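> I'd like to go over a predicted model; first the sequence, then the structure.
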Amino acid sequence: MHAYKYTVLFVCAVIFGTQAYQPENKPDNAWSAMKKPLHGAPESFGSYANGCMAGAQVLPSSGEGYIDMRRNRGRYYGQPELITFIQHLGRYTANKHRRKHLIGDLSQPRGGKMNFGHSSHQIGLDVDIWMQTVDINQSVNPRRDMKTIVDKAAGVLKHGGMEPATRDALYFSARYPQVARIFVNPVVKWHLCQTESDTSWLNKLRPWWGHDQHFHVRLLCPSHSPNCKNQKPPPSGDGCNDSLYNWVDEQSGLVTGRIKPKKRSVSTKKRKVLPDACQLMLSK
Ligand SMILES: [Zn+2]
C-alpha cells in the first residue's frame, strides 16, 4: 500500500500538484493538435486515462452560476451529460448562494491524451472546478491564479476554511446520480469528516494528491457508450478512517521533511493500448 501510494504521489505530483505552473507552450501531441470534435452521436471510448470521444459538445464560456477559465487551452469539450452537470451545478449555486463557479479543464475536442496537465480527462466525463467561487456579478480576470485552501504542512484547511458555496457544490455533486467520484485533497475530505453531521454522502469523495485548489468531478460512463470503461465504485462507507488520516499525515510529513519521498518504483503495468475506435479517430 505504501509503495503504491508513493508511486502515485510521484506520478500525481507531476500530473496534479503542479498543474497551475505547467507550461502551456508544450508541443502538441496528436490529440491536442485536433481542433474540432468528431461529429456524430456522442460516445466515450476507453477509460478515463486512456480513451477518446466522439460527438463532443462545447461548454459555453459562461452561464448561470459559472464562468469557464483558461479558455485559450481549448479544453472545454465534453459529453452532453458533463455539460448538463456543470449547468445544473451553476444554477444551484447561483440560486442558493448568488455566487458562480470558476470552471477549469474538461477535455479536448476529441478527448485523448493532453500535452500537459492531466493523465485523465480523456473521454469527456471529467471536469475541474476551482475551490473558490466569486460573487455572481463579479467580473473575472481569465488569467487569475487558483489559490489553495489547504495548509498541507499543518494538515488543516487554511484560515478562512471552505466557502459554504464550495461545501454545497461538493454535496450537490456527490448526490448527483451520474457522478462516479470527486477527487479532493485528503485534508479537504478530513475536514468534512469532522464537520458534517451526516457523513454518508462523503463516499464519492476520494482523497488524492493535489486537488487543494480545485476539485475534480468524474461522471459515470453514459448508457449510450457501451465501450466506455467505468472504474470500480468507491469502497462502501464514508471513508472517514485511518487510511484517510494517513494520507493527511503523509502529505504533512512530505512537506515538512519529516518523511522522505521514496524513489518511484518501476511500473510493472502493461503498456496501455488505445481503443480501436480511438486509433481510427486519429486518422480521420
Ligand atoms: Zn482534473
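Ah, there it is.

> So what does whichever residue of the stretch 1-150 of the chain sits closest to the ion look like in phi/psi?
Residue of the stretch 1-150 of the chain nearest the ion, by Cβ to the ion: D128 (4.1 Å). All C-beta atoms are positioned from the backbone trio N, CA, C, and that covers glycine. The phi/psi pair for D128 (degrees, to the nearest 10) reads phi -100, psi 140.

> Check whether the residue in the chain that the ion sits nearest to sits in a helix, strand or coil.
Residue of the chain nearest the ion, by Cβ to the ion: H216 (3.6 Å). Following DSSP: H, G, I helix; E, B strand; the rest coil, H216 is assigned to strand.

> which residues does the nearest residue to it once chain neighbours are set aside bridge with?
Take H216 and drop its neighbours on the chain: the residue closest to it by Cβ to Cβ, 6 or more residues apart in numbering is F183, 4.1 Å away. For F183, the beta-bridge partners are R206, H216 (DSSP bridges).

> what's F183 in contact with, if anything?
Neighbouring residues of F183 by Cβ atoms under 8 Å, 6 or more residues apart in numbering: R206, P207, W208, H211, F215, H216, R218.

> can I get these in JSON lines with distance to S243, neighbour count and pLDDT?
Shown next, in JSON lines, are the contacts of F183 (distance: Cβ to Cβ, whole Å; neighbours: other Cβ atoms under 10 Å; pLDDT from 0 to 100):
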{"residue": "R206", "distance to S243": "11", "neighbour count": "21", "pLDDT": "98"}
{"residue": "P207", "distance to S243": "8", "neighbour count": "21", "pLDDT": "97"}
{"residue": "W208", "distance to S243": "13", "neighbour count": "21", "pLDDT": "96"}
{"residue": "H211", "distance to S243": "17", "neighbour count": "26", "pLDDT": "96"}
{"residue": "F215", "distance to S243": "20", "neighbour count": "23", "pLDDT": "98"}
{"residue": "H216", "distance to S243": "20", "neighbour count": "22", "pLDDT": "98"}
{"residue": "R218", "distance to S243": "20", "neighbour count": "23", "pLDDT": "98"}
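
> Name the pair among those with the greatest separation in space.
The largest separation in those, counting by Cβ to Cβ, is between P207 and R218 at 14.2 Å.

> all helices in the protein, in order from the N-terminus.
Listed in chain order, the helices found in the chain under DSSP state H are 2-12, 80-97, 164-175, 186-195, 242-256, 276-282.
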